[in-house]
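# build the 3D model from these lines:
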Amino acid sequence: MGILNATPDSFYSKSRLNSEKEINAHINKMVLEGVDILDVGGYSTRPGAAEISEKEEIERVLPVIEVICSKYPEVIISIDTFRSNVAKRAVEAGAHFINDVSGGSLDSNMFKIVAELQVPYVLMHMRGDPQTMTKKSNYANVTKEVIIDLALKINTIKELGVKDIIVDPGFGFAKTTEQSFELLRNLDLFQSLGFPILAGLSRKSMIWKTLNITPEEALNGTVILNTLALQKGAKILRVHDVKPAVEQRNLLIKNGLYY
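Sure thing, here's the model as predicted:
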């Protein structure tokens, strides 16, 4: 899953796309490198990110989705949003599934819309919102509590008729660096939920803060953690850098280290 940020303020500077030319070039690059899914987002969810209106978010993502649909119809599109109306408009424009960083906690209508649209849904764990989540990392047992929270929400969604669910532990979202690494060590336990696991580790602060580097220097760390995630059961890697992720997946598969 390649990250396509139609935002001016994402935490990784090279993922910020501010013009039609930049967006088209980045889409083309990821497609040539072998991306399977393009994850289109118009609202930065980095810690402390500025709030934007629903209207502005829609205006950012719909043109990108339309470009992908017209030029690269073979590519799967996910809409990265926690707003049900944005999700609905994006699916109507051609997106294939919804990637909700809030797991339905920031829009009470999200689960209903997912059921109505009957599209796959990425259920991610987060507490609070991008403005408050760094203050909500008080867990007695982070792995246990995240799994329980996801399990309860899975039951709710299934009762509404949603069948295609992908789970995401939400590395860095209302989790400290130490908690994020604990989740990674225990990622195989999330298979007990019975749905595919998505790992979003790309260039995150758990890497660059640990190594005392910048997000721009965090590719090596990303590749290492993504490899661990694959071996612990992750089925989708959400990445800024498609080529290294494709190569590491293929290398593991061809040598019997990932199935």
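# hey, where'd the strands end up in this structure?
Per DSSP state E, the chain carries strands over the ranges 2-5, 37-41, 76-80, 97-100, 121-124, 165-168, 197-199, 234-237.
# deepest of the ones you listed, which one?
The highest mean neighbour count among the strands of the chain belongs to strand 121-124 (a mean of 28), with neighbours defined as mean count of other C-beta atoms under 10 Å. C-beta coordinates here come from the backbone N, C-alpha and C atoms, glycine included.
# circling back to that earlier point, include mean pLDDT and distance to residue 189 when you put the strands of the chain into TSV, please.
Putting the strands of the chain into TSV (pLDDT from 0 to 100; distance: least, C-beta to C-beta, whole Å) gives the following:
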stretch	mean pLDDT	distance to residue 189
strand 2-5	94	26
strand 37-41	97	25
strand 76-80	98	25
strand 97-100	98	22
strand 121-124	98	16
strand 165-168	98	11
strand 197-199	98	10
strand 234-237	98	13
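# with distance to residue 178 as added columns, please give these in JSON lines.
Shown next, in JSON lines, are the strands of the chain (distance: least, C-beta to C-beta, whole Å):
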{"stretch": "strand 2-5", "distance to residue 178": "25"}
{"stretch": "strand 37-41", "distance to residue 178": "27"}
{"stretch": "strand 76-80", "distance to residue 178": "26"}
{"stretch": "strand 97-100", "distance to residue 178": "25"}
{"stretch": "strand 121-124", "distance to residue 178": "20"}
{"stretch": "strand 165-168", "distance to residue 178": "19"}
{"stretch": "strand 197-199", "distance to residue 178": "18"}
{"stretch": "strand 234-237", "distance to residue 178": "20"}
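# neighbouring contacts of the least confident helix or strand in the chain by mean pLDDT?
When the helices and strands of the chain are scored by mean pLDDT, DSSP states H and E, helix 20-32 comes last with a mean of 91. Applying C-beta atoms under 8 Å, 6 or more residues apart in numbering, the set of residues contacting helix 20-32 from outside is 2, 4, 6, 17, 38, 63-64, 67-68, 71-72, 75, 242.
# one more: stretch 130-142?
Counting by C-beta under 8 Å, 6+ apart, the neighbours of stretch 130-142 from elsewhere in the structure are 44-49, 51, 126-128, 145-146, 173-176, 179, 182-183.
# and that stretch, average pLDDT?
Averaged over stretch 130-142, pLDDT sits at 93.
# and that stretch, end to end?
Counting by C-alpha to C-alpha, to the nearest Å, you get 19 Å between the two ends of stretch 130-142.
# mind starting the numbering at 25 from now?
Renumbered: residue one is now 25, and that last one reads stretch 154-166.
# any buried residues in that stretch, and which?
For stretch 154-166, the buried set under the neighbour-count rule, 16 or more other C-beta atoms under 10 Å, comprises 154, 157, 158, 161, 163, 166.
# can you map out the helices along the stretch 25-174 of the chain?
Counting by DSSP state H, counting those that start in this stretch, the stretch 25-174 of the chain has these helices, from start to end: 44-56, 78-95, 108-117, 134-141, 166-183.
# who wins for proximity to residue 278 among these?
When those are ranked by proximity to residue 278, the top entry is helix 44-56, at 21.0 Å, counting by C-beta to C-beta.
# any buried residues in that closest one, and which?
When burial is assessed from 16+ other C-beta under 10 Å, helix 44-56 yields the following buried residues: 47, 50, 51, 54, 55.
# picking up where we left off before, closest to residue 242 out of the strands of the chain?
Short answer: strand 26-29, nearest of these by C-beta to C-beta, at 13.6 Å.
# outside of that closest one itself, list whatever touches it.
Strand 26-29 is contacted by residues 39-41, 47, 50-51, 54, 59, 61-65, 68, 88, 226, 262-264, 266 when judged by C-beta under 8 Å, 6+ apart.
# returning to that earlier point: what's the angle between the least confident helix or strand of the chain and strand 61-65?
For helix 44-56 against strand 61-65, the angle by axes from the mean of the first three to the mean of the last three C-alpha atoms, to 10 degrees is 150 degrees.
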